Structure formats: C-alpha cells, structure tokens
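> sequence first, then the predicted structure, then my questions.
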Amino acid sequence: MQCATSLWEKTLNAELNDKCVLITGASGGIGLAVAEALAAERAKLVLHYHTQAEPVRELQQRIAVPNVAVPADLRDERQVERMFAEALSAFPRIDVLVVNAGIFRSESVPLHEMTAAQWRETLDADLNSAFLTCRGFLRHLADDPRESAAIVLVGSTAGLFGEAGHADYAAAKAAMVYGLTLSLKNEIVRLAPRGRVNCVCPGWTRTPMAADGLSDPALMLRVQATMALQKVAEPRDVAAAIVFLASERLSGHISGAVLPIAGGMEGRLLHPDAP
C-alpha cells in the first residue's frame, strides 16, 4: 500500500515517526485530513469513529503506517475506557491525542427557541466527550509516565467570537478553547514534564459538516466579509496546524496556545461593501 498523497504530498519533518497518535472523529473531513498528514509523517495511528466506519476503512487502505480503527460513542464513559483499552492493546503507548470529534447543527436556532434537550445533546457530544477523552489520555500518562506528550484540541471560531443561532455549539467550543486548554496545560506537566496542550480554532472549512452553509452564497459573502483572506479553508489547512502542534520538534515550547485557522477572521465586519 502507498501512503496517501491526494491531500498530503510532503512531510513537515515533524519527527513523529516513532509516535502513536489517537485521533477522535477520524471519519470526518478534518479528521481524515489529519490522519493522512500524520501518516505522511509516519506516525502510528489510532483512528476513532462513532457510526461512520466506511471512510476510516477506506483510509486504512490508502495509508502504509501501523494503524487501528476503534469505534466508540465518546459520550459514554465505558466506551471511552474501552477505546483506550483497544488502542493500548494494539500499541504499547499513546503519545499524542487529537480531540476532533463533535457535532454541529446546520439549523440556526436562537437561544430563546432552543430546547433544553438540544442544549444538553450538543454539550454532551462536543464538550463532555472532550472531557472523557482528555481524562482517558491523562490517566494513561499517569499509568505510564514519560517526559513528553501532547494534546491538540479542535475548537472553533464560534468559541472565540460566538455564533448567533448556535449558542450551544459556541458555548461548548469556548469551554474547550479557554477552560480545558488553559487548565490542562498546567495539569499535563505534572504527569509529563514536557507535556503540552494546545488548541486550533478552524473557521469555515470545506468539510461535509459545513456543506449546508457552504452551499448558501449569501451566507458565504457575509462570512468572508469578516475575513482578511476571503476564502474558505481546506481540511489540510487545519491538519497542517495540528501536525505542527503535535510535534515536539516543531512546537516543543508552545503550550496553552489558541491558534485560529480562519483566514484572519475577526468578530467585526472587515469588508463593509459585502451584502
């Protein structure tokens, strides 16, 4: 089998070839791109998915690095524990965790119309799953101490600027961006002295989850009016930043950083002539 080259043709020389990386949500657009990028760096991969097994199975046919696919509902504490157990039965230890799994509802629902059930469902899928996954990784570090390790959380510009009609999603991502990232950067070093925790915040990215929004020209004009670079990100743009933050060689003195991957997006109108 040949290593995937459709999205990732050159390595970053990240020195991840002897590292094992667990990627949650590896069946989605960003997750698949991250897996391909890490495969190009020769990392060993644990590919998590929830219900969409086929994209992960197809990925496994395209990459030539040791890997294992593990299904789990990350909202379920026992399934998260089983995911780590299966990963550690395939590889002796996990060095890097990429917390990418989550949901985004395309339908805009203002808070005064939002049900408590929707609020709970979003926080459960986006925030509680991140808590359980990070906890599982940190417990692994406590059981198997080492000098270095890394967590990369995938937040969102919604967590930086808010997202009208999606307050549930914005609240969950803001908790990841600020609460988890800035707390865990101080906790991880008690288990791994050179351990690092960082967060990337993608804006609009060309993934299946964003397909509905990307198909609305009027919405895209309004979105790009807040961006210095008036273009939508590709999954590989986010993947490159995640590989950088996962690599001790490339970012060994960076921890607690929040990196927007959003074309210079701001929370104000930068192009007032846009409709």
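Arrived safely. Keep in mind it's a predicted model, so treat the numbers as computed, not measured.

> run a quick neighbour tally on the nearest residue to L132 once chain neighbours are set aside.
In space, and not counting its chain neighbours, L132 is closest to V80: 4.4 Å by CB to CB, 6 or more residues apart in numbering. Where you see a C-beta, it was placed from the backbone N, CA and C, and this is true even at glycine. Residues contacting V80 under the criterion other CB atoms under 10 Å number 22.

> which of the helices or strands spans V80?
Per DSSP states H and E: V80 is located in helix 77-90.

> please enumerate the strands of the stretch 1-150 of the chain.
Secondary structure of the stretch 1-150 of the chain by DSSP state E, counting those that start in this stretch: the strands cover 20-23, 44-49, 67-71, 96-99, 150-154.

> by contact count, what packs against the last one?
Yep, that's strand 150-154 we're talking about. strand 96-99, helix 129-143, helix 181-188, strand 196-202, helix 235-246 (3 or more CB pairs under 8 Å, 6 or more residues apart in numbering; DSSP states H and E).

> tell me the most buried of those?
strand 96-99 (a mean of 27; mean count of other CB atoms under 10 Å).

> just how off-centre is that strand within its chain?
Its chain's C-alpha centre and that of strand 96-99 lie 8 Å apart, by CA atoms, centre = their mean, to the nearest Å.

> same question for stretch 108-125.
21 Å.

> what average pLDDT does it get?
Stretch 108-125 carries an average pLDDT of 98.

> pretty sure I30 sits against C201.
No: look at I30 against C201 with CB atoms under 8 Å: they stay out of range, at 11.9 Å.

> where exactly do the helices run in the stretch 151-275 of the chain?
Remark: helices assigned in the stretch 151-275 of the chain by DSSP state H, counting those that start in this stretch are 157-161, 167-174, 181-188, 211-214, 217-224, 235-246, 248-251.

> brilliant, that's me finished.
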